[in-house]
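[1] Structure for the following, please:
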Amino acid sequence: MSADDNGNTILDKLQQPDMLEEAYRKSPESFKAELSRAMEVNRDSETLKVWHARIHYNAPSSFTHTSFLFLLGVCLLATFLVKIPVFFQVEGDWYYPRFVPLIVLTSLIMYFLQSAPKANTIKLVAPSLVAYVVYLLVLPFDENSASIVMALLHFPLVCFSLLAFSFMSDDWKSAAARLKFIRYIGEVGIYTVLILLGGMVLTGITLGLFSVIDLDIMQWYSEYAIVMGLVSAPLVATYLFDTTLNRQTKFAPILANVFSPLFLITVMAYLFASFLQGNNPFTDRDFLINFNGLLILILALTVFSISGKKRSEDVQVADYINVLLVSATLVVNVIALSAIIFRWAEYGMTVNRIVVTGANLLIFLHLILLLKQYVACLRKNEGFTRLESTVASYLPVYTCWSLIVAVLLPLAFQFE
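    Here you go, the predicted structure:
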């Protein structure tokens, strides 16, 4: 850029917004200096005022001492609740599977209810959590009961729905709000992993330093510090996402687009290699379980990728990869469903088969709808609004299924 005002590059390109953006991205510091000189020459230019506001704007931080103290209090309370079997000699095998997921998710629910309190949201969420706790307290304890095990596996999904409602509040019917919640889950999942990795490094350093002075803190540290870190990591990640990033999605869609082609290759290679090796989901139960796990993982990856797209974006290579990935996942789903039906005919009805069949049918229908709408978007190049609606509108179906498995199925099978 020229240094003199008469040859100011910004003034020369004032009517060319694309060129101004290119100049800023090429050298932000030079652009700022040039902008200052340009404003001295043309103080009334709205374009220069907008650029000045953009460059020098500092977003107000939502960090407050009150919010931090609330965060700390919730973390300490969650840690105390997790340690109840130690403090009060409660049976750990009974307590932990029932209440640890509830404690972690409730801490997140409390955060959103505190940060943006809505009377209607509190009136729904609070009684639901109380009913949730009461049901878990009266639910029989039987490790050999398939219906109880399935209920305990699906209850966190029910609580997850309450978290979604707390996050979305009065906008819970909006597809855009549901997509924001999906993006929040992706982002917070990534930040939680990073926090836990950092915690592992901190743990190693801490134990190493104390061992140098012959002070053994291993037992105390593992029983309290590590437990608090594990329980608090999702809440701390949520707090950072909310206060530092202002709920702006950064990583989840990018990682989803990066890993989509890799997962496509992996799925195709896995299918090919598995059948070459003679693995058969019709008779091999572990292989069928892996199939279902792969199915859920790829569905989540596709949903994150779709939720991170901008409505104004044109069709990209990643979209064609997603279509191929959904198609490959449908093949996996059809094979899994066929294997489950075979096991029904061969071995009869069980609680586990009912749950797995229902989940596979729900996922199959969701994948069909996604594929149909995705292909329509690619053909007509009409934007991705309808595709987003397909993703968002199906989420309550999973909530209803989780409630059925968690509440009705144990009662129907008399807790057997």
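[2] What would stretch 75-90 look like as CSV? C-alpha coordinates only.
    Presented in CSV, the C-alpha positions along stretch 75-90 are these (Å, rounded to 0.1, in the frame of the first residue of the first chain):
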residue,chain,number,x,y,z
CYS,A,75,-18.7,-28.0,40.0
LEU,A,76,-18.2,-28.5,43.8
LEU,A,77,-21.8,-29.7,44.2
ALA,A,78,-21.5,-32.1,41.3
THR,A,79,-18.3,-33.5,42.8
PHE,A,80,-20.0,-34.0,46.2
LEU,A,81,-23.0,-35.7,44.6
VAL,A,82,-20.7,-38.1,42.7
LYS,A,83,-18.9,-38.9,45.9
ILE,A,84,-22.0,-39.7,47.9
PRO,A,85,-21.3,-43.5,47.9
VAL,A,86,-18.0,-42.7,49.7
PHE,A,87,-19.4,-40.3,52.2
PHE,A,88,-22.6,-42.2,53.1
GLN,A,89,-21.7,-45.8,52.3
VAL,A,90,-24.2,-46.1,49.5
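[3] any weak-confidence spans in the stretch 251-400 of the chain?
    Applying pLDDT under 70 to the stretch 251-400 of the chain flags residues 252, 278-285, 287, 308-314, 381-384.
[4] Start from the N-terminal end of the stretch 251-400 of the chain and give the strands.
    Assigned by DSSP state E, counting those that start in this stretch, the stretch 251-400 of the chain shows no strands.
[5] count of neighbours near residue 86?
    Counted with other Cβ atoms under 10 Å, the neighbours of residue 86 add up to 12. For every residue, glycine as well, the C-beta is placed using N, CA and C.
[6] which other helices and strands contact the one helix or strand it maps to?
    Using DSSP states H and E, the element containing residue 86 is helix 84-88. When contacts are defined as 3 or more Cβ pairs under 8 Å, 6 or more residues apart in numbering; DSSP states H and E, helix 84-88 sits against helix 92-115.
[7] and the angle for the helix or strand just after the helix it packs on with helix 92-115?
    Downstream of helix 92-115, the next assigned helix or strand under DSSP H and E is helix 119-138. For helix 119-138 against helix 92-115, the angle between stretch directions is 170 degrees (axes from the mean of the first three to the mean of the last three Cα atoms, to 10 degrees).
[8] quick one: pLDDT of residue 64?
    Residue 64 is assigned 65 on the pLDDT scale.
[9] got it, and the one 5 residues further on?
    Looking at residue 69, its pLDDT stands at 86.
[10] which secondary structure element contains it?
    Assigned by DSSP H and E, residue 69 belongs to helix 65-82.
[11] got the angle between that helix and helix 92-115?
    170 degrees.
[12] now for helix 65-82, which elements pack on it?
    So helix 65-82, by 3+ Cβ pairs under 8 Å, 6+ apart, packs with helix 92-115, helix 226-243.
[13] Other residues contacting the last one?
    Contacts to helix 226-243, defined as Cβ atoms under 8 Å, 6 or more residues apart in numbering, come from residues 61-63, 67, 71, 74-76, 78-79, 82-83, 100, 103-104, 107-108, 111, 115, 184, 187-188, 191-192, 195-196, 199, 203, 247.
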